[in-house]
Structure formats: C-alpha cells, structure tokens
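Q: Let me see the structure of the following:
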Amino acid sequence: MSWKASARHGVREAPAGLALLQDLINTRATMSYAPDLLASPDDAQRWLSDALATWSRVAGLPAPVILLSSTDMRSLRRLRTTFEGVILAGSGRGPSQDDALPPADVPVTLVPDAEGWVRMIPSGRGTRWLASALWAEALLAQQAGLWPRLKLCNNVECRAAFFDTSRNNSGVWHDVSTCGNTANLRAFRERKRLMGGTGGQEGPSVQRPGLP
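A: Here you go, the predicted model:
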C-alpha cells in the first residue's frame, strides 16, 4: 500500500508545501481502489510520518515527530473535511453564507530571516501543529495565486484532490479517462432513460487523455 495519498490517484502534486494539504484530502477512501488512510491510528501514523518528511524537505523547515493516538483520529478527519469545504467554497460548490465555515483557530509564528523576509512558521503541538502548517500553506497558496488550481474531482464517488495545470484552469476531473468518461456515460444513459430509450444509437463522446 502506498502511504503517499496523492500518488494512489496518479495526480500531479501541488507545488511547494501545498502538496501536504492535497495529500491530507487524498487520504479519503475513493471508490474501490483507495482505502481511507485515516481509518486507523496505525495507517494514519504511517501516512503522517511520510507526509511530514516530504513537507520538511520541500519547505526547508523542521517538522516535529507527531505520534497519533486514537483520540487524534477525529481531529484529523474533521480537518480533512474542513479543507474539502474550503476548496468547494472557492469553486462555488461549498456551503452558503448561512453555513459559513468555522474560523481556523491555530497559532503561527512570524520570523524574519537574514534577508528581511518574514516567514510563517507553524506552531503548537501534535495535531495542532499540523493544523497550523496546513492553514499556513493554504494562506501562502492563496497569496501566490495557486489556491484556485487545487480542486476536487467532479465525480462525487471520487473527490480526489488534483492540481489543475490547464492553461485556463478549466479542469474538473482528476483523470479524464476514468472519471470524465464515467460521467459522460452516466449522463448518456440518463438522457436515454428520459427519452424512453428511443434516442439515436450514437454513444457518449469519449474523451481521451491529453485531448480537449
């Protein structure tokens, strides 16, 4: 089993530290091929240790050793759900204003470096530190204009987080050849059902990877 959650979906990783947030979302169970990596403390620990080691190399910052307990699992899953909501809100598919997302009550430390640039350093202990790192990466990605390209697959049975590299940021499927074609086939069958099966014989348009 791969403990790099995003690698299970074959998606392009988001740049810099934003990949940590993407990987958290991609721990969710997806259809039949990707079990939930946050289903048990042992699986979650393996995922988290690997993800933090990768983040530390990319961010150039030390990451603490976080040892998860069974009580941490609910916090991790809640954090994952919250970030899914933030991403969906950015795409117009999130909660209404009446169901606003809760504030991110996490600490960060601002540290100027030798060249006068201020760096945002995660603070706290355990999963509080992880939440601090994730919210910091989300803010940095928004400031850098990268945030709108982190999306959830339109296939509700998938919802894999992918980084959209299309020129006009129009991607909606994490993989056109799987989720995109599945959705086209489903829509075709529904149209045929509504027409009482009397429509033409032409099948759904099949999109091929790399083609518009």
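
Q: Every contact and neighbour count from this point should use C-alpha atoms.
A: Will do.

Q: where exactly do the helices run in the chain?
A: Counting by DSSP state H, residue ranges of the helices within the chain are 18-25, 41-59, 72-90, 126-143, 181-194.

Q: between those helices, which one is nearest to residue 108?
A: Closest to residue 108 of the helices of the chain is helix 126-143 (Cα to Cα; 6.3 Å).

Q: now the closest one, how far from the centre of its chain.
A: 13 Å (Cα atoms, centre = their mean, to the nearest Å).

Q: quick check: angle from that helix to helix 72-90?
A: Between helix 126-143 and helix 72-90, the angle comes out at 10 degrees (axes from the mean of the first three to the mean of the last three Cα atoms, to 10 degrees).

Q: quick revisit: so which of the helices of the chain is the most packed in?
A: Mean neighbour count (mean count of other Cα atoms under 10 Å) peaks for helix 18-25 among those, with a mean of 25.

Q: Which neighbouring elements make contact with that helix?
A: helix 41-59, helix 72-90, helix 126-143, strand 161-163 (3 or more Cα pairs under 8 Å, 6 or more residues apart in numbering; DSSP states H and E).

Q: Out of these, which gets nearest to residue 24?
A: Each of the helices and strands packed on helix 18-25 has some distance to residue 24 by Cα to Cα; the shortest is helix 72-90, at 6.3 Å.

Q: neighbouring contacts of that closest one?
A: With Cα atoms under 8 Å, 6 or more residues apart in numbering as the test, helix 72-90 has contacts from 24-25, 38-41, 44, 94-95, 101, 127, 131, 148, 150-152.

Q: and the angle from that helix to helix 41-59?
A: 50 degrees.

Q: can you tell me the average pLDDT over helix 72-90?
A: Per-residue pLDDT values over helix 72-90 give a mean of 93.

Q: still on that earlier bit, which one of the contacts of helix 72-90 is nearest residue 64?
A: Nearest to residue 64 among these, with distances taken as Cα to Cα, is residue 127, at 10.4 Å.

Q: mind checking how far the closest one is from residue 36?
A: 18 Å (Cα to Cα, to the nearest Å).

Q: for residue 168, same thing?
A: 32 Å.

Q: When the two are compared, which one has more neighbours?
A: Just comparing residue 168 and residue 36: by other Cα atoms under 10 Å the higher neighbour count belongs to residue 36, 14 against 8.

Q: Check that one and give its pLDDT.
A: pLDDT recorded at residue 36 is 95.

Q: Contacts only, for it.
A: Contacts of residue 36 by Cα under 8 Å, 6+ apart are 27, 28, 29, 30.

Q: likewise residue 18?
A: By Cα under 8 Å, 6+ apart, the contact set of residue 18 is 134, 137, 138, 141.

Q: 7 Å - rerun?
A: 137, 138, 141 (Cα atoms under 7 Å, 6 or more residues apart in numbering).

Q: Take those and lay them out in a markdown table including distance to residue 178 and pLDDT.
A: Formatted as a markdown table, the contacts of residue 18 follow (distance: Cα to Cα, whole Å; pLDDT from 0 to 100):
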| residue | distance to residue 178 | pLDDT |
| --- | --- | --- |
| 137 | 30 | 97 |
| 138 | 28 | 96 |
| 141 | 28 | 96 |
